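Asks: predicted coordinates and the sequence they were generated for:
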Amino acid sequence: MNKQISRVGFLIIFLILVLISSSTFFQFFDAPSLNADPRNTRQLYNEYDHKRGDILVDGKAVAYSTKSDDNFSYQRKYTDGELYSAVTGFYSIVNRADRGLEAAMDPYLDGSDNSFWFSNLLNSIMGKVQEGGAVETTINAKLQKVAYEALGDRKGAVIAMNPKTGEVLAMVSKPSYNPNDLAVHDSKKASQTYSLLADGSESPLINKTISALYPPGSTFKVIDSATAINSGSYTKDTVIPAPQFYRLPGTVTDLPNYNNELCSATGNQMLSDALRVSCNTAFAQLGVKLGQTTISNMAKQFGVGSSFTLASADGSMPMQTAKSVFPENLKDDKLALASIGQGDVKFTPLQDLLISAIVANGGKLQMPYIVKKVLGPSGNVIKTFSATSEDIIPANVASELNDMMQGVVMRGGAFNAQIPGVIVAGKTGTAQTVQGVTPHAWFTGFAPALDPKIAVCVLVEDGENDPTGASASAPVAKAVMEAALK
């Protein structure tokens, strides 16, 4: 009898230990995955039972939470939602923190980051509900509005930064969307809206400034020029071949210049003039002569193949760029095309912006970032952010490129970026995609050229009636640079 009682007792103790272990596992070790499970409605209500922090532009909230009169305690709202959607992303009962700073800085905005532990402990002791922190961005409200309005109804992207600090000053992606339509407390309506917006490759939810890839066209010629000058065998005054047509190596295909134009009456011109008139044949030949390894290595130095993080927090989805691409193992005919930014070369607008930012900053890259600081619920500074610096090209190479890019604006294809009384440096690009489709139009540049305050990149998808960077993109860049310098 005693043995049987002992066995039953041991069994009961064993089952109790199993129950304790099981509950401990679910409450502690499996808590993060349970909280993240979209079927966990309790967690959903927990997220909405306290005030989520603001996202600030020039000290004013462009994303904020107000008291709600429905089943949820707070409603997320967005000021000028379409204007700032690429920056903020959105927060909804269906998707939670999605895209932009809502996703990248979620633990700070939600107040769950470890840096809030003391204030959350005090709130718990005092019976108060936790509050999220505010995220102060680097975005300049005036430049954001100018960029958005200058791009108009066209598809594309505008991104600007201070090349000396790395601060992102404007970030516009079109078509845009209104985050308020996704923040509604009607789950069916929010799901339907998301499905409509997320449909297809032209989704407004895609932030084209950092997530979409395009052939960079002739803006890549700045990297060719950097490669040549850095080699020690060229300067901006070195004369190179610049014929009307160039037979691609190993083929029977002749590469023309834009509109079959002559770059030079003699068939030769200085490197600076080849960039000024954007001579395809000159840079195609130059690329083949320099070789894939040399050009590819320079492209990597400029950031091609790397991903840049503009904002992030522990446990969040970082605001990160797609990796731009310069293809490998190219035959000379494909290398010629890649050297003028065609073929399989693909850039994000941010990558194209960094070309100008590096030249503008004397060969150094200040890593781009979009958050200045995080503030606690009482306004105290929780964390500050700044850029790290990296040497990319020698100062003398950057100086020659600066001079060459000034010539492109003053006497070349980027003339529509000229600003009275200001020396502007830049490069346009016209990137062909498929036959019969209007090319993409690019501009990358900075101003003032001798003491740069702003670098900007503009991409207009499918161009305009005159699908060149000069006509479609340079005027947008001019408007943004002009506004920054006033």
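Replies: Sure, I can see it. Numbers count the residues shown, from 1 in each chain.
Asks: help me confirm that Val456 is found in a strand?
Replies: Yes: looking at Val456 with DSSP: H, G, I helix; E, B strand; the rest coil, it is inside a strand.
Asks: wait, isn't it in contact with Gly445?
Replies: Yes: in this structure Val456 lies within contact range of Gly445 using CB atoms under 8 Å: 6.5 Å. All C-beta atoms are positioned from the backbone trio N, CA, C, and that covers glycine.
Asks: what do the two both touch?
Replies: Contact criterion CB atoms under 8 Å, 6 or more residues apart in numbering; residues shared by Val456 and Gly445: 356, 477, 481.
Asks: thought Ala398 was touching Gly362?
Replies: Yes: between Ala398 and Gly362 there is a contact at 5.1 Å, judged by CB under 8 Å.
Asks: what touches both of these two?
Replies: Common neighbours of Ala398 and Gly362 (CB under 8 Å, 6+ apart) do not exist.
Asks: hmm, back to that, now the shared contacts of Val456 and Gly445 as a markdown table including distance to Leu375?
Replies: A markdown table is the format used below for the shared contacts of Val456 and Gly445 (distance: CB to CB, whole Å):
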| residue | distance to Leu375 |
| --- | --- |
| Ser356 | 32 |
| Ala477 | 33 |
| Met481 | 31 |
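Asks: Ile393: which of those residues is nearest?
Replies: Closest approach to Ile393 among those (CB to CB): Ser356, at 12.8 Å.
Asks: just give me the neighbour total for the closest one.
Replies: Ser356 has 31 neighbouring residues, counting by other CB atoms under 10 Å.
Asks: could you tell me which residues make contact with it?
Replies: Per CB under 8 Å, 6+ apart, neighbours of Ser356: 163, 222, 405, 425-427, 444-446, 455-457.
Asks: next step: those restricted to helices.
Replies: 222, 405 (DSSP state H).
Asks: quick check on the contacts of Ser356: which are buried?
Replies: 163, 222, 405, 425-427, 444-446, 455-457 (16 or more other CB atoms under 10 Å).
Asks: closest to Gln144 out of those?
Replies: Val456 (12.2 Å).
Asks: so what's the closest one up against?
Replies: 158-161, 170, 353, 356, 443-446, 477, 480-481.
Asks: could the shared contacts of Val456 and Gly445 go into CSV alongside distance to Leu196, pLDDT and secondary structure?
Replies: Listed next are those as CSV, based on distance: CB to CB, whole Å; pLDDT from 0 to 100; DSSP: H, G, I helix; E, B strand; the rest coil:
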residue, distance to Leu196, pLDDT, secondary structure
Ser356, 36, 98, helix
Ala477, 32, 98, helix
Met481, 36, 98, helix
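Asks: and the helix or strand encompassing Asp333, what does it pack against?
Replies: Secondary structure from DSSP states H and E places Asp333 in helix 332-338. Where contact means 3 or more CB pairs under 8 Å, 6 or more residues apart in numbering; DSSP states H and E, helix 332-338 is packed against helix 280-290, helix 292-301.
Asks: do you know which of those helices lies nearest Ile55?
Replies: Among these, helix 292-301 sits nearest to Ile55 (CB to CB), with 33.6 Å.
Asks: by contact count, what packs against the helix or strand following the closest one?
Replies: Moving toward the C-terminus from helix 292-301, the next helix or strand (DSSP H and E) is strand 309-311. Applying 3+ CB pairs under 8 Å, 6+ apart, one finds that strand 309-311 makes contact with helix 100-104, strand 319-320.
Asks: run the chain-centre distance for strand 309-311.
Replies: 9 Å (CA atoms, centre = their mean, to the nearest Å).
Asks: that one pairs with which strands, parallel or anti?
Replies: strand 319-320 (antiparallel) (DSSP bridges).
Asks: show me what the partner strand is in contact with.
Replies: Contacts for strand 319-320 (CB under 8 Å, 6+ apart): 100-101, 103-104, 210, 307-312, 370.
Asks: low pLDDT regions in the stretch 101-250 of the chain?
Replies: 117-129 (pLDDT under 70).
Asks: Val371 - how many residues pack around it?
Replies: 26.
Asks: which ones are touching the closest residue to it other than its chain neighbours?
Replies: Distances taken as CB to CB, 6 or more residues apart in numbering place Ala311 nearest to Val371, at 4.7 Å, with adjacent residues excluded. Contacts for Ala311 (CB under 8 Å, 6+ apart) come out as 101, 104-105, 318-319, 369-371, 385.
Asks: repeat that for Thr253.
Replies: 247, 333.
Asks: distance of it relative to Tyr246?
Replies: Distance, Thr253 to Tyr246, by CB to CB, to the nearest Å: 10 Å.
Asks: ok, back up a step: using JSON lines, lay out the contacts of Val456 together with distance to Phe283.
Replies: Shown next, in JSON lines, are these (distance: CB to CB, whole Å):
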{"residue": "Val158", "distance to Phe283": "26"}
{"residue": "Ile159", "distance to Phe283": "25"}
{"residue": "Ala160", "distance to Phe283": "26"}
{"residue": "Met161", "distance to Phe283": "26"}
{"residue": "Ala170", "distance to Phe283": "30"}
{"residue": "Leu353", "distance to Phe283": "21"}
{"residue": "Ser356", "distance to Phe283": "18"}
{"residue": "Phe443", "distance to Phe283": "18"}
{"residue": "Thr444", "distance to Phe283": "16"}
{"residue": "Gly445", "distance to Phe283": "18"}
{"residue": "Phe446", "distance to Phe283": "21"}
{"residue": "Ala477", "distance to Phe283": "22"}
{"residue": "Val480", "distance to Phe283": "27"}
{"residue": "Met481", "distance to Phe283": "26"}
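Asks: rewinding a little: tell me the most buried of the helices and strands packed on helix 332-338?
Replies: Of those, the one with the most neighbours on average (mean count of other CB atoms under 10 Å) is helix 280-290, at a mean of 24.
Asks: packing partners of it?
Replies: helix 221-230, strand 239-241, strand 245-247, strand 254-256, helix 271-276, helix 332-338.
Asks: state the distance from Tyr214 to Ser225.
Replies: For Tyr214, the distance to Ser225 - CB to CB - is 21 Å.
Asks: likewise for Gly341?
Replies: In terms of CB to CB, Gly341 sits 13 Å off from Ser225.
Asks: try Val304
Replies: 15 Å.
Asks: again with Ala322
Replies: 25 Å.
Asks: and Met405, by the same measure?
Replies: Taken as CB to CB, the span from Met405 to Ser225 is 9 Å.
Asks: tell me, what's touching those two both at once?
Replies: What both Met405 and Ser225 touch, as defined by CB under 8 Å, 6+ apart, is the set Leu275.
Asks: check contacts around the nearest residue to Gln342 once chain neighbours are set aside.
Replies: Spatial nearest neighbour of Gln342, chain neighbours left out: Pro215 (5.7 Å); criterion: CB to CB, 6+ apart. Listed by CB under 8 Å, 6+ apart, the contact partners of Pro215 are 341-343, 345-347, 431-433, 440.
Asks: among those, which are in strands?
Replies: Among these, the members found in strands (DSSP state E) are 431, 440.
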